[in-house]
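>>> attaching a predicted model along with its sequence, questions to come.
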2 protein chains.
Amino acid sequence: MARWDPGTEDRLRQAALDLFAEHGYDDVTVTQIAERAGITRRSYFRYFPDKREVLFAGAEQLPLAIAEAVLASAEKSAPAIALDAARQVGALLVGRVDRTAERRAVIASSPELQERERTKAAAITTALCDALVERGAAVDEARLVARLVAVCFQEALERWIDTGEAFESCLDLVAASVRSAAEVFPPQVSS
Amino acid sequence: MARWDPGTEDRLRQAALDLFAEHGYDDVTVTQIAERAGITRRSYFRYFPDKREVLFAGAEQLPLAIAEAVLASAEKSAPAIALDAARQVGALLVGRVDRTAERRAVIASSPELQERERTKAAAITTALCDALVERGAAVDEARLVARLVAVCFQEALERWIDTGEAFESCLDLVAASVRSAAEVFPPQVSS
DNA sequence: CAAGTGATGTCTCAGTGTGCCATCACCGAG
DNA sequence: CTCGGTGATGGCACACTGAGACATCACTTG
């Protein structure tokens, strides 16, 4: 019936989210997702490499987007560049994600999905780090800054979902909090 | 032959690391690990819940250790407490891990294992956050600080492996770097 | 020496992920 | 219009993971 229908990937995403939300991730099989989308199990794996990925479609664009933002940023220091890039990519991301709350709830209910989500975050961190290096930062500094800003990014995203405020405001708030927290760290002493 | 021998769990860890290092994680089956350790595949799953966990045995102690360290710390502010706890737990951890380099290489070669490693790090972060809350920190602040210090912890561990310096020195260095990086963040403005 | 306990082995099964090949729809060349 | 090519799909088979159910063995305790 649905063979050759366009939008199969979209139907798979919808079907998966529906089923996961209703029965829980573990109690849903790939076969069920595929059948609800009108294809077979075998064809599902031609759209997504495994059962988890169906919830993270589109996430592969974020690393590229953040790398571009870094290379295009007018800021000078690595932390400022990275935060600037996070601001832009976050603002872009915010409009795109569908069924945010349901998706969040499903992921929160499954350790497997949380693992995958962390992988996506790690990919962003890596891309950010590489881009900073490409802009001339030292590898050590780039990695640290990337991780730091990745934390800000995630935290800001969560606050955005929870509060509904503008993403930029969330990010600024988080950045200011990080700054305050880091001020407590010892400047150089060792004991 | 090995039935009822003590130290089965150790043998499984050794066998797994041997096999993973030699043939790669994907090309080793649980059956092979179990047989090299002198038990059956079914019994393997009575020691470890899945194929990955055999490389992360003992990691479940870190969240407890860091929680205790937080509750016992003499510091006052949440960031200082967290960093203090990280220092103690790191120093404790450092002597314990076996075959660090091989283990690191194996994990680096498999996305699946990297996912699991991130899960372990996340567990530490969660425990740290909860402990900070228990000491009276606000949830938002605790989560942010926990993530921040978790980044410091990881970064310090990596530098420790790479350089061989004392863990505490690595952590102090990282903390100072974070402080410098965060100073660049805008204090409150939004555009 | 008999019962109990805990670790292990055996068997079975659902589900994942993949290779291989047949099939179907569509498209352009003749 | 027919033919072959191309790409997406279905069908089949397979190795592996992880788990339930039950039997078996060693060791302990009475």
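Okay, I see it.

>>> low pLDDT regions in chain A?
Within chain A, the ranges that satisfy pLDDT under 70 run A:1-6, A:187-191.

>>> quick check, the residue in it closest to DNA strand D?
A:S43 (3.2 Å; Cβ to the nearest atom of the strand). Quick note: C-beta positions are derived from backbone N, CA and C, even for glycine.

>>> please enumerate the helices of chain A.
A:8-23, A:30-36, A:41-47, A:61-72, A:78-96, A:100-108, A:111-134, A:139-163, A:167-183 (DSSP state H).

>>> can you put these in JSON lines and add mean neighbour count?
Formatted as JSON lines, these follow (neighbours: other Cβ atoms under 10 Å in any protein chain shown):
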{"stretch": "helix A:8-23", "mean neighbour count": "18"}
{"stretch": "helix A:30-36", "mean neighbour count": "18"}
{"stretch": "helix A:41-47", "mean neighbour count": "14"}
{"stretch": "helix A:61-72", "mean neighbour count": "19"}
{"stretch": "helix A:78-96", "mean neighbour count": "21"}
{"stretch": "helix A:100-108", "mean neighbour count": "15"}
{"stretch": "helix A:111-134", "mean neighbour count": "19"}
{"stretch": "helix A:139-163", "mean neighbour count": "21"}
{"stretch": "helix A:167-183", "mean neighbour count": "21"}
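
>>> between those helices, which one is closest to B:D162.
helix A:139-163 (9.7 Å; Cβ to Cβ).

>>> could the helices of chain A be laid out in JSON lines, adding distance to DNA strand C?
Output for these, formatted as JSON lines (distance: least, Cβ to the nearest atom of the strand, whole Å):
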{"stretch": "helix A:8-23", "distance to DNA strand C": "11"}
{"stretch": "helix A:30-36", "distance to DNA strand C": "4"}
{"stretch": "helix A:41-47", "distance to DNA strand C": "4"}
{"stretch": "helix A:61-72", "distance to DNA strand C": "21"}
{"stretch": "helix A:78-96", "distance to DNA strand C": "25"}
{"stretch": "helix A:100-108", "distance to DNA strand C": "14"}
{"stretch": "helix A:111-134", "distance to DNA strand C": "9"}
{"stretch": "helix A:139-163", "distance to DNA strand C": "24"}
{"stretch": "helix A:167-183", "distance to DNA strand C": "32"}
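
>>> so what's the residue of chain A closest to DNA strand D closest to, chain neighbours aside?
Nearest residue to A:S43 in three dimensions, chain neighbours excluded: A:A34, at 6.5 Å (Cβ to Cβ, 6 or more residues apart in numbering or on different chains).

>>> just checking, A:I39 touches A:A15?
No - judged on Cβ atoms under 8 Å, A:I39 makes no contact with A:A15 at a distance of 9.8 Å.

>>> show the contacting residues for the residue lying closest to A:K51 once chain neighbours are set aside.
In space, A:K51 comes closest to A:V30 once its chain neighbours are excluded; the distance is 5.3 Å by Cβ to Cβ, 6+ apart. With contact set as Cβ atoms under 8 Å, 6 or more residues apart in numbering or on different chains, A:V30 has these partners: A:41, A:44-45, A:51.

>>> ok, those vs B:A123, which is closest?
Once Cβ to Cβ is applied, the member of those that ends up nearest B:A123 is A:K51, at 23.0 Å.

>>> what number of residues lie near that closest one?
19 (other Cβ atoms under 10 Å in any protein chain shown).

>>> how near is it to A:E112?
Going from A:K51 to A:E112 by Cβ to Cβ, to the nearest Å gives 8 Å.

>>> once you drop chain neighbours, what's closest to A:V133?
In space, A:V133 is closest to A:A142, 4.8 Å off (Cβ to Cβ, 6+ apart).

>>> nope, A:L93 is what I was after
A:L62 (6.7 Å).

>>> good, wrapping up.
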